[in-house]
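Asks: Quick check, what structure comes out for this input:
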Amino acid sequence: MEKLSKEDIILIFLENPNLLARKIEEHKIEKSDEMRQLICELGDPDCAYRYADYIDKVSNNLTRKVACRDSKYAFWYAKHVDNGPHEETRKGACKDPSYALYYASQIDKKPTSMTYNSTRMDPFTKNLYRTWVKAQNKYSSS
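Replies: Numbering: from 1, shown residues only. Here you go, the predicted model:
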């Protein structure tokens, strides 16, 4: 197994997360809690999401916490890593009205008070949310 420095791991990951994942799969390097911690210490929601999706391939509280600093990555984390709703990803997605609507419709698949309250910050998104809720009610009662 290759022994990579922390700097090498970060550089490989930032250049191409798939390359780091491939090296781990081919047993050229070993993934570790230290590696996850190192990537999360960058503080970049994109990096945390990609590490969870490409390297861990499962959710982890640390990667989720960092990913949820940004609405987009909170949504993607719920969709591709958690494969469903989680209170922390919902809260992260709701920092942006558009992602709150995406979260409600694609992750929760139902309206929630948190997603609705977030969409109220933007009149256009609030109207879309209401239209979506009406459509949900129409199709669920048929």
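
Asks: how about the helix or strand harbouring residue 73: buried residues?
Replies: In this assignment (DSSP states H and E), residue 73 forms part of helix 71-76. Within helix 71-76, the residues that qualify as buried by neighbour count (16 or more other Cβ atoms under 10 Å) are 71-76. C-betas here are computed from N, CA, C, even on glycine.

Asks: Now the element after that helix, going C-ward?
Replies: Per DSSP H and E, helix 71-76 leads on to helix 87-93 as the next helix or strand towards the C-terminus.

Asks: Show the average pLDDT along that following helix.
Replies: The pLDDT scores in helix 87-93 average 98.

Asks: which residues sit against it?
Replies: Helix 87-93 has contacts (Cβ atoms under 8 Å, 6 or more residues apart in numbering) with 64-65, 67-71, 73-75, 77-78, 82, 99-100, 102-103, 107-108, 112, 114-115, 118.
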